[in-house]
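**Q** sequence isn't available, so here's the structure alone:
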Ligand code: FAD
Ligand code: N01
């Protein structure tokens, strides 16, 4: 990597930057750190008042990660990973937010950011090879490289219940939770939505609320987390092998340091299957999905896993009618994001919790109740756990254009990218964990670091080589998207109406938006592209861009 030491860091008010990074979550923080360390002038822009991204916004009761924190954390600094101690196997939101604040302080990143600042538009002009970034509050900044670290789960799905305004009590959204703790003790509360956010909220507030109505449209598959406090000896042993474990995570398809199996459920005996499913249940969490290699490619194998999980639900929930209504049957196990819970099915054995099916009748709101069919459920507060306009929501919320062409037009039929990191027609625009990369079906921190490193190496290549612009070639992009679709079509994922295909947002084009070839295969492909001189990408030399200041050519 070239040493750019000597190039001054930007003033807070210097609006002409080498790079602008939008977002201050895991991705934005690392991108700002990495690019600044290369000597580029970098401005980070974040709409929240602080760092954290997902972990800033999602403060709902029970919010926590479902990848062990020793893995769901940065690997880029050996000192950082050695010095930080996690209190629990799966850290809760306040601890992850503390960690990201620590990272921001430790690497002195805050001074590069403008907080409480929302980007509303960005336009590229090929004549001077610059992005102009428009801020919602007025004002503009310019840069050579625009990096979108805006998050795949950062734009809440619009809450569009026509009668909601009639309800006079407070309405909370899990992904936009107030900064102050909300006390639900003794109150009558409804939680609408039974995805990961809903389950974590439900299991946490069920302990103290007077009455809880769980409004369910589609039952989820969920596996216990078996969360526990960190064992200091285990942590010490893990940290003594940290590099090895990180390498192991990067060598898998999920980005977790687990042993991936090639065992097939369909070629195993019934006893072997039962034993392995049971063992995976006891290990808990997302690795359950990898109990056998064929669970997400064969409907028959999938049915076996689904039957096992349904039997678990039936064995936990005491009331047979409630248990029956909790059984997921309408989509393959894992094709909607499986949930990881702490006592979810058990809460339905509590007298103060009622499962209310809203699939048939939907919900209406009155002044002080929720109407489902002919029943009025009196409630003091409503919690929306209704999810996100995932993967593309935050990207398309920014009006992005290049030489007059808009990104929302280019993606009208669904997002098109090369490797999920660039999109044809939009030079020098980089997406961190964008559509058609492993992103949300991987350990996100692993994928974020890999993407930011790829972007940094690419910018280094451009800065050294007197290159003004890089652009994805349309043909290479078409081939990548066909490859992504071909892999997805060989699995059961597209069969579910999930947010992976945009089905949760009315009118969103249906397209499976994640690369399923795995973290390792994907990273190998990205590395190969750099090694082979960027096949599939076009470069524009600085010399051919009319308005570019030649003094920028640092090579
Ligand atoms: P984010 O953390 O979403 O950060 C994006 C930031 O960009 C936000 O702060 C947002 O305010 C800002 N932004 C967006 N648009 C603009 C704009 N126009 N102007 C200014 N700022 C803007 N993944 C896992 O791998 N494991 C987990 O256990 C896990 N748990 C999760 C739990 C929850 C509750 C949620 C919602 C997601 C979870 N995820 C998990 C996925 C999560 O999205 C990623 O792990 C990761 O946090 C994403 O980081 P990011 O920096 O890419 O995006
Ligand atoms: O959102 P979701 P989420 N009427 O979309 C229901 C990550 N995450 O915030 O399935 C009635 O999964 C909807 O019903 P249906 C993780 O990647 C991780 O929970 O569409 N119901 C569903 O039940 C996760 O996948 C953690 O029928 C409506 C729920 O709301 C992703 O974030 C924790 C409705 C939405 O579930 C999103 O999870 C939290 C309507 N109009 C989040 N609209 C960890 O544990 C929606 N629903 C790490």
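**A** All right, it came through fine. Computed from a prediction, not measured in an experiment: that's the story for all the values here. Ligands and ions are numbered 1, 2, ... in the order given.
**Q** helices or strands up against the biggest helix by length in the chain?
**A** Longest helix in the chain, counting residues (DSSP state H): helix 444-465. Helices and strands touching helix 444-465, by 3 or more Cβ pairs under 8 Å, 6 or more residues apart in numbering; DSSP states H and E, are helix 26-37, helix 242-250, strand 467-472, helix 519-531, strand 537-541. To be clear about C-beta, it is placed using only N, CA and C from the backbone, and glycine gets the same treatment.
**Q** is any residue of it near ligand 2?
**A** No. Shown here: helix 444-465 not in contact with ligand 2 (Cβ under 6 Å from any ligand atom), separated by at least 8.9 Å.
**Q** tell me the buried residues in that helix?
**A** Residues of helix 444-465 classed as buried by neighbour count (16 or more other Cβ atoms under 10 Å): 444-463.
**Q** poorly predicted segments of this protein, please.
**A** 1-14, 546-555 (pLDDT under 70).
**Q** residue numbers of the stretch 201-350 of the chain in contact with ligand 2?
**A** Contact residues (Cβ under 6 Å from any ligand atom) of the stretch 201-350 of the chain with ligand 2: 217, 218, 337, 340.
**Q** surely the first one touches residue 356?
**A** Translated: residue 217. No. Residue 217 is beyond contact range of residue 356, at 10.2 Å (criterion: Cβ atoms under 8 Å).
**Q** tell me how the protein divides into domains.
**A** 15-155+390-554, 157-220+336-387 (automatic domain parsing).
**Q** most tightly packed of those?
**A** Comparing the domains of the chain by mean neighbour count (mean count of other Cβ atoms under 10 Å), domain 15-155+390-554 comes out on top with a mean of 20.
**Q** tell me who's in contact with whatever residue of the stretch 351-500 of the chain ends up closest to ligand 2.
**A** When distances are taken as Cβ to the nearest ligand atom, the stretch 351-500 of the chain reaches nearest to ligand 2 at residue 387, 2.5 Å away. Going by Cβ atoms under 8 Å, 6 or more residues apart in numbering, residue 387 touches 156, 157, 193, 195, 197, 499, 504.
**Q** grab the nearest non-local neighbour of the third one.
**A** Going back to what we said before, that points to residue 193. residue 385 (3.5 Å; Cβ to Cβ, 6 or more residues apart in numbering).
**Q** from the contacts of residue 387, which is closest to ligand 1?
**A** In terms of Cβ to the nearest ligand atom, no member of the contacts of residue 387 lies closer to ligand 1 than residue 197, at 5.7 Å.
**Q** show the contacting residues for that closest one.
**A** Residue 197 neighbours (Cβ under 8 Å, 6+ apart): 58, 60, 63, 174, 175, 385, 387.
**Q** phi, psi of residue 225?
**A** Main-chain torsions, residue 225, degrees, to the nearest 10: phi -80, psi -30.
**Q** what of the one 4 residues further on?
**A** For residue 229, the backbone dihedrals (degrees, to the nearest 10) come out as phi -60, psi 150.
**Q** I'd like the distance between the residue found closest to it once you drop the neighbours it is linked to in the chain and ligand 2.
**A** Distance criterion Cβ to Cβ, 6+ apart; nearest residue to residue 229, sequence neighbours excluded, is residue 88 at 5.6 Å. Using Cβ to the nearest ligand atom, to the nearest Å, residue 88 is found at 13 Å from ligand 2.
**Q** do residue 322 as well
**A** Relative to ligand 2, residue 322 is positioned 17 Å away (Cβ to the nearest ligand atom).
**Q** and for residue 97?
**A** Counting by Cβ to the nearest ligand atom, the gap from residue 97 to ligand 2 is 14 Å.
**Q** which residues touch that residue?
**A** By Cβ under 8 Å, 6+ apart, the neighbours of residue 97 are 52, 55, 56.
**Q** how about residue 540?
**A** Residue 540 touches 126, 129, 427, 467, 468, 469, 470, 471, counting by Cβ under 8 Å, 6+ apart.
**Q** cool, and residue 504?
**A** The contact partners of residue 504, by Cβ under 8 Å, 6+ apart, come to 157, 387, 390, 497, 498.
**Q** try 7 Å this time
**A** 157, 387 (Cβ atoms under 7 Å, 6 or more residues apart in numbering).
**Q** try the one 5 residues further on
**A** Going by Cβ under 7 Å, 6+ apart, residue 509 touches 413, 414, 502.
**Q** likewise for residue 130?
**A** If you count contacts by Cβ under 7 Å, 6+ apart, then residue 130 has 142, 143, 144 around it.
**Q** wait, residue 190 sits on residue 215?
**A** Yes. Residue 190 is within contact range of residue 215, at 5.7 Å (criterion: Cβ atoms under 7 Å).
**Q** from ligand 2, how far off is residue 301?
**A** For residue 301, the distance to ligand 2 - Cβ to the nearest ligand atom - is 22 Å.
**Q** ok, residue 300 next?
**A** Taking Cβ to the nearest ligand atom, one finds residue 300 at 24 Å from ligand 2.
**Q** picking that back up, dump the contacts of residue 197 into TSV; add secondary structure and distance to residue 281 as well.
**A** Conversion of these to TSV gives the following (DSSP: H, G, I helix; E, B strand; the rest coil; distance: Cβ to Cβ, whole Å):
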residue	secondary structure	distance to residue 281
58	coil	27
60	coil	26
63	coil	24
174	helix	26
175	helix	29
385	coil	24
387	coil	26
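**Q** would you turn these into CSV with distance to residue 438?
**A** Formatted as CSV, the contacts of residue 197 follow (distance: Cβ to Cβ, whole Å):
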residue, distance to residue 438
58, 22
60, 26
63, 23
174, 25
175, 22
385, 25
387, 20
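**Q** what's the farthest-apart pair in those residues?
**A** Using Cβ to Cβ, the contacts of residue 197 span at most 14.0 Å, a distance reached by 63 and 387.
**Q** in the stretch 1-150 of the chain, what residue lies closest to ligand 2?
**A** For the stretch 1-150 of the chain, Cβ to the nearest ligand atom, closest residue to ligand 2: residue 66, 3.6 Å.
**Q** how much space separates the closest residue to that residue other than its chain neighbours from ligand 1?
**A** Distance criterion Cβ to Cβ, 6+ apart; nearest residue to residue 66, sequence neighbours excluded, is residue 340 at 3.9 Å. Using Cβ to the nearest ligand atom, we find residue 340 at a distance of 8 Å from ligand 1.
**Q** before we move on, what about residue 59?
**A** 10 Å.
**Q** ramachandran coordinates for residue 80?
**A** Dihedral pair for residue 80: phi -60, psi -50, per degrees, to the nearest 10.
**Q** list the contacts for the nearest residue to it once chain neighbours are set aside?
**A** Nearest-residue entry for residue 80: residue 74, 6.1 Å, with adjacent residues in sequence omitted and distances by Cβ to Cβ, 6+ apart. Counting by Cβ under 7 Å, 6+ apart, residue 74 touches 30, 80, 81, 103, 445, 449.
**Q** one step back: so which of the contacts of residue 130 sit within strands?
**A** The strands, defined by DSSP state E, take in 142, 143, 144 from the contacts of residue 130.
**Q** can you redo the residues you listed as CSV with distance to residue 517?
**A** Shown next, in CSV, are the ones in strands among the contacts of residue 130 (distance: Cβ to Cβ, whole Å):
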residue, distance to residue 517
142, 37
143, 32
144, 31
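**Q** looking at those, which is nearest residue 304?
**A** residue 143 (52.1 Å).
**Q** now for the closest one: which residues touch it?
**A** Under the criterion of Cβ under 7 Å, 6+ apart, the neighbours of residue 143 are 17, 18, 19, 20, 130, 131, 133.
**Q** try residue 419
**A** 437, 480, 526.
**Q** same question, residue 306
**A** So residue 306 contacts residue 333 (Cβ under 7 Å, 6+ apart).
**Q** that one sits in which helix or strand?
**A** Using DSSP states H and E, residue 306 falls within helix 299-316.
**Q** show me what counts as buried in that helix.
**A** 301, 302, 304, 305, 306, 308, 309, 310, 312, 313, 316.
**Q** distance of the fifth one from residue 365?
**A** As defined by Cβ to Cβ, to the nearest Å, residue 306 lies at a distance of 34 Å from residue 365.
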